[in-house]
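Novice: next one to model:
(2 chains)
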2 protein chains.
Amino acid sequence: MNFSSKLLENAVNEFGRLPGIGQKTALRLVLHLLNQDQSTVEKFSDSLLILKKNIRFCKSCHNISDHDICEICTSLKRDKSLICVVEDSRDIMAIENTHQYNGLYHVLNGLISPMDGVGPSDLTVDQLVSRVKDTTVNEIIFALSATMEGDTTIFYLHKRLKDEPLKISTLARGIAFGGEIEYADELTLGRSITTRVPYENTFTK
Amino acid sequence: MNFSSKLLENAVNEFGRLPGIGQKTALRLVLHLLNQDQSTVEKFSDSLLILKKNIRFCKSCHNISDHDICEICTSLKRDKSLICVVEDSRDIMAIENTHQYNGLYHVLNGLISPMDGVGPSDLTVDQLVSRVKDTTVNEIIFALSATMEGDTTIFYLHKRLKDEPLKISTLARGIAFGGEIEYADELTLGRSITTRVPYENTFTK
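Specialist: Below is the predicted model of the structure:
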């Protein structure tokens, strides 16, 4: 693109580095902000700097938090014998939105991915293991993506935790609600046949 | 969404105000930036603030510029008797990329849109009229969107400029290159029949 201003080009390049934002979208966003008041742009810019400077991660579950220990970990209403292992904070939000889970979490900060050079030492695996050893946990739920990286991570974590006296489970896999059989992939459909559930359990929790 | 941090929520809300960016995308962008170095986040944030503080608009054509008069207006290679009227700076970039135009531009900074409360006084219409009166301009090209707002603006500008000794033209409308007749809308197809061109002119400039 031919920019009429170096400053504009610089800002567009910065926005264009964000994931899923191309040059044209970046230009649209920058021009939108340029049309706003000075104070609006400062608020936008400051919100990011303040977040980056003051952000803390819960020392127990590694979720993004404003305090040393997050609200979920300190809550008295939560079942502390249950830990749900997730990739990042977004997954916690998604699970919290279901209102179906009342235990604690553990954020791995990624998944094992040799292709991207991410090994177990880059994740909070050791912290999870010592958390399991130090506290009374009855069950660990692996809520990780059903991808190669997710499965690799589950496999590794299972190896590290299998000698602990706890139940280890993973999310159920099968046809999504609203999903049509016709369009389901072979692997999912095949697995949903072999792990079929009795009719009585289909529509109940 | 349930945010585990007020600071995070604030930043996500700021990003979510950008056009075309929903809450989920905003969260993805903010978490991406959060994973970057402090210096990267500062560079991102500063690029915007510096742009907003130092941006200038060409005093002649109102295009975004680093100087008082933009590079296109000062260029000796440009045909100064031709002015192409556009909605905003993005349109200039799009037209420049075609390498088919060698005249000057005039940025209106919007289109007349009574629905959104945008009237001629909100645009650089008066500046265009005095520019036409003060300099030797032979032709004005209206390169505005083929929408209700674009057509309204062209109609109004034509009324203001029709007594000046100049040629007024608009962009050609018709089937786009690569466009299939079957999927063209009736209005475009109808117009492209009534304004059909001789075979000899179809594939030449």
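
Novice: C-alpha from now on. contacts and neighbour counts both.
Specialist: OK.

Novice: which one's the longest strand in chain A?
Specialist: strand A:79-86 (DSSP state E).

Novice: which residues sit against that strand?
Specialist: With C-alpha atoms under 8 Å, 6 or more residues apart in numbering or on different chains as the test, strand A:79-86 has contacts from A:92, A:102-108, A:136-144.

Novice: hmm, try it at 7 Å
Specialist: Outside strand A:79-86, the residues that touch it by C-alpha atoms under 7 Å, 6 or more residues apart in numbering or on different chains are A:102-108, A:136-144.

Novice: of those residues, which pair is most distant in space?
Specialist: A:T136 and A:L144 (22.5 Å; C-alpha to C-alpha).

Novice: give the contact list for A:L27.
Specialist: A:V12.

Novice: look up how far B:G22 lies from it.
Specialist: Separation of A:L27 from B:G22 (C-alpha to C-alpha, to the nearest Å) stands at 17 Å.

Novice: do the same with A:L171
Specialist: 28 Å.

Novice: between these two, which one's more packed in?
Specialist: Shown here are A:L171 and B:G22; by other C-alpha atoms under 10 Å in any protein chain shown, B:G22 has more neighbours (14 against 11).

Novice: does that one really touch B:F15, like I thought?
Specialist: No. The criterion here is C-alpha atoms under 7 Å, and B:G22 misses it with B:F15 at 8.3 Å.

Novice: which parts of the longest helix along chain A are buried?
Specialist: Criterion DSSP state H: the longest helix present in chain A is helix A:38-54. By neighbour count on 16 or more other C-alpha atoms under 10 Å in any protein chain shown, the buried set for helix A:38-54 is A:41, A:44-49, A:51-52.

Novice: which of the residues you listed are close to chain B?
Specialist: A:44-45, A:47-49, A:51-52 (C-alpha under 7 Å from any C-alpha of the partner chain).

Novice: hang on, the earlier thing: which one of A:T136 and A:L144 has more residues nearby?
Specialist: More crowded of A:T136 and A:L144, by other C-alpha under 10 Å: A:L144, with 22 against 13.

Novice: and that one, which of the three is it?
Specialist: Put simply, A:L144 is coil when judged by DSSP: H, G, I helix; E, B strand; the rest coil.

Novice: next one: it relative to A:L157, how far apart?
Specialist: Counting by C-alpha to C-alpha - A:L144 and A:L157 are separated by 11 Å.

Novice: same check, this time on A:N35
Specialist: 50 Å.

Novice: neighbour-wise, which of the two wins?
Specialist: Between A:N35 and A:L157, counting by other C-alpha under 10 Å, A:L157 is the more crowded of the two (19 against 12).

Novice: that one should be in a helix, yeah?
Specialist: Yes. The assignment for A:L157 is a helix, going by three-state DSSP.

Novice: please report how far A:T136 lies from B:L27.
Specialist: If you go by C-alpha to C-alpha, the gap between A:T136 and B:L27 works out to 33 Å.

Novice: who touches the most centrally placed residue in chain A in this structure?
Specialist: Chain A has A:D88 as the residue nearest its centroid, 2.9 Å off, counting by C-alpha atoms, centre = their mean. A:D88 sits next to A:107-110 when contact means C-alpha under 7 Å, 6+ apart.

Novice: closest to chain B out of those?
Specialist: Set against chain B, the nearest of the contacts of A:D88 by C-alpha to the nearest C-alpha is A:N109 (9.9 Å).

Novice: point out where chain A drops to low pLDDT.
Specialist: Applying pLDDT under 70 to chain A picks out residues A:204-205.

Novice: tell me the residues on it that lie near chain B, please.
Specialist: A:1-8, A:10-11, A:14, A:18-19, A:29, A:34, A:38, A:42, A:44-45, A:47-49, A:51-52, A:64-66, A:93.

Novice: returning to that earlier point: partner strands of the longest strand of chain A and their direction?
Specialist: Note on strand A:79-86: by DSSP bridges, its sheet partners are strand A:103-107 (parallel), strand A:139-142 (parallel).

Novice: pull the CA atoms of the first one into PDB?
Specialist: Provided in PDB are the C-alpha atoms of strand A:103-107 (Å, rounded to 0.1, in the frame of the first residue of the first chain):
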ATOM      1  CA  GLY A 103     -14.300 -26.600  40.900                       C
ATOM      2  CA  LEU A 104     -10.900 -24.900  40.500                       C
ATOM      3  CA  TYR A 105      -8.800 -24.400  37.400                       C
ATOM      4  CA  HIS A 106      -5.200 -24.600  36.400                       C
ATOM      5  CA  VAL A 107      -3.900 -22.600  33.400                       C
END
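
Novice: run the chain-centre distance for it.
Specialist: On the basis of C-alpha atoms, centre = their mean, to the nearest Å, strand A:103-107 sits 11 Å off its chain's mean C-alpha point.

Novice: with the shortest one instead?
Specialist: Taking C-alpha atoms, centre = their mean, the mean C-alpha location of strand A:139-142 is offset from the chain mean by 15 Å.

Novice: element containing A:V30?
Specialist: helix A:23-34 (DSSP states H and E).
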